[in-house]
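>>> Have a look; sequence and predicted model below, questions after that.
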Amino acid sequence: MSQMLVDADAIRALANILNDTGLTEIEVSEKDSRIRVVRAAAPVAAQAVAPVAVATPAAPAPAATPVPTAPADLSKHPGAVNSPMVGIAYLAPDPSSPPFVAVGQTVAAGQTLLLIEAMKTFNQIKAPKGGTLKQVLVTSGDPVEFGQPLVIVE
């Protein structure tokens, strides 16, 4: 039986990266080893959507201004479909396929709107009611937090 060696310095370095960037999860793999560090997001951090701001460091002011206010305002919207979990959003079943739905399209109750990958499992996010897709608030590959608005269906 092989014994797993833990690299405490690597874990500390990854934890520091999480703190410095505002991310909630980071994973590094090399050969046969893998280190994954996850931290619970603070309620305020869920509103800030820091990974989106980090993804655009060249223009932090324009990216940071609309993103934090949009989820706070739109999460209470009557047509908002909010994320039931933390994960990565995908608008299509795979990169070469068209998105599940497009803005302006009529959707039926129970129709798949997007996927959220959490713990290597792809979870279908379905329309809670029928209507027209008015807005898509995430892009494929975006990290999403619990309660974050994903789309607006009216």
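Done, it's in. Numbering: from 1, shown residues only.
>>> any idea how far residue 16 lies from residue 39?
Distance of residue 16 to residue 39, computed by C-beta to C-beta, to the nearest Å: 12 Å. C-beta: built from backbone N, CA, C; applies to glycine.
>>> typed the wrong thing, it's residue 152
30 Å.
>>> Between those two, which has more neighbouring residues?
residue 152 (19 against 13; other C-beta atoms under 10 Å).
>>> residues contacting residue 129?
With contact taken as C-beta atoms under 8 Å, 6 or more residues apart in numbering, residue 129 is in contact with 109, 153.
>>> A helix includes it, no?
No. Applying DSSP: H, G, I helix; E, B strand; the rest coil, one finds residue 129 to be coil, outside a helix.
>>> how much space between it and residue 149?
With C-beta to C-beta as the criterion, residue 129 and residue 149 are 15 Å apart.
>>> got it, and residue 134?
12 Å.
>>> Of those two, which one has the most company?
Taking neighbours as other C-beta under 10 Å, residue 134 and residue 149 compare with residue 149 leading, 22 against 13.
>>> Show me the domain layout of the protein.
Listed by automatic domain parsing, the domain ranges of the chain are 1-39, 40-153.
>>> okay, those domains in CSV with mean pLDDT next?
Shown next, in CSV, are the domains of the chain (pLDDT from 0 to 100):
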stretch, mean pLDDT
domain 1-39, 71
domain 40-153, 78
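>>> That's all I had, so thanks and see you.
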